[in-house]
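Engineer: give the three-dimensional model of this entry:
(2 chains)
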Amino acid sequence: GDSVTQTEGLVTLTEGLPVMLNCTYQTIYSNPFLFWYVQHLNESPRLLLKSFTDNKRTEHQGFHATLHKSSSSFHLQKSSAQLSDSALYYCALSDRGNNRIFFGDGTQLVVKP
Amino acid sequence: EAAVTQSPRSKVAVTGGKVTLSCHQTNNHDYMYWYRQDTGHGLRLIHYSYVADSTEKGDIPDGYKASRPSQENFSLILELASLSQTAVYFCASTRGLGEQYFGPGTRLTVL
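Structural biologist: Numbering: from 1, shown residues only, chains lettered A, B, ... in the order given. Have a look, this model is predicted:
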């Protein structure tokens, strides 16, 4: 079945350094939708980025990601981490074949001064 | 702005008791979902629904039932609450398989 893998459970960075959170997915369907959600402490998850177009960069609030169907990846990047970026980040996949969404286990990002 | 509300926001239940968590959305979305989140861990899908009067099992349905009596309402029922069901529960809705709009969450403590 479909699945999403986020290899890092915890990423700790110093402010100002680049961010890269890994996301790979598995699906037999050719047109998946990929999402990044962010959840700050004591808040609900909210959408950060989404894409269904192969090899097209999508950007929002300083973060960007590119869906690469050839490698089944949708990594989240930011050029310079800020303290306010500390949060739990989820990668998610949906496709019409399964008629539901699949979330990865999440990556906790901690940005230190 | 999509709106999803949950009630109660917080609940303390006794082991073996019945608990009902309610979710209401005013977005005219077809899909609704129930997730649980344990402290420091990710979201896990319990049940979901893409049409009124029908529900589907998610990844961890054991010990939970769901009810979708109308497009706007989706309930999660714990018939016999257990200590292991202490968690934060999130409801979400989507139009098709697009962006998920989450409710504020319900913090459930089973004693």
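Engineer: pretty sure residue A:36 contacts residue A:88?
Structural biologist: No - between residue A:36 and residue A:88 there is no contact under C-beta atoms under 8 Å: 11.3 Å. All C-beta spots, glycine's among them, are computed from the backbone N, C-alpha and C.
Engineer: please, which helix or strand holds the spatially most central residue of chain B?
Structural biologist: Nearest to the mean C-alpha position of chain B, by C-alpha atoms, centre = their mean, lies residue B:34 at 3.1 Å. In this assignment (DSSP states H and E), residue B:34 forms part of strand B:31-37.
Engineer: who touches that strand?
Structural biologist: Outside strand B:31-37, the residues within contact range by C-beta atoms under 8 Å, 6 or more residues apart in numbering or on different chains are A:101, B:21, B:23, B:25, B:43-50, B:58, B:60, B:64, B:66, B:68, B:74, B:76, B:85, B:87-97, B:100, B:105.
Engineer: can you pull up the bridge partners for the residue nearest to the centre of chain B?
Structural biologist: As for beta bridges, residue B:34 partners with residue B:47, residue B:91 under DSSP bridges.
Engineer: and it, how far from residue B:87?
Structural biologist: Per C-beta to C-beta, to the nearest Å, residue B:34 is found 11 Å from residue B:87.
Engineer: likewise residue B:40?
Structural biologist: Distance from residue B:40 to residue B:87, counting by C-beta to C-beta: 11 Å.
Engineer: rewinding a little: quick one, which of residue A:36 and residue A:88 is more surrounded?
Structural biologist: Comparing residue A:36 with residue A:88 by neighbour count (other C-beta atoms under 10 Å in any protein chain shown), the higher total belongs to residue A:36, at 24 against 20.
Engineer: tell me the buried residues within the contacts of strand B:31-37.
Structural biologist: Neighbour counting by 16 or more other C-beta atoms under 10 Å in any protein chain shown classes A:101, B:21, B:23, B:25, B:43-50, B:58, B:64, B:66, B:68, B:74, B:76, B:85, B:87-94, B:97, B:100, B:105 among the contacts of strand B:31-37 as buried.
Engineer: can you name the residues in contact with the helix or strand of chain A with the lowest mean pLDDT?
Structural biologist: Ranked by mean pLDDT, DSSP states H and E, the helix or strand of chain A with the weakest confidence is strand A:100-103, at a mean of 90. The contact list for strand A:100-103 (C-beta under 8 Å, 6+ apart) reads A:2-4, A:25, A:35, A:37, A:90-94, B:33, B:42-45, B:48, B:56, B:58, B:94, B:97, B:100.
Engineer: list, one by one, the residues from chain B near chain A.
Structural biologist: Within chain B, the positions adjacent to chain A are B:33, B:40-45, B:48, B:50, B:56, B:58, B:90, B:94, B:97-100, B:102-105 by C-beta under 8 Å from any C-beta of the partner chain.
Engineer: how does it look with 6 Å?
Structural biologist: B:42-43, B:97, B:99, B:102, B:104-105 (C-beta under 6 Å from any C-beta of the partner chain).
Engineer: near chain B, which residues of chain A?
Structural biologist: Within chain A, the positions adjacent to chain B are A:44-45, A:47, A:94, A:103, A:105-106 by C-beta under 6 Å from any C-beta.
Engineer: what about the strands in chain B?
Structural biologist: Along chain B, the stretches classed as strands by DSSP state E are B:4-7, B:10-13, B:19-25, B:31-37, B:43-51, B:54-57, B:65-67, B:73-78, B:87-94, B:101-102, B:106-110.
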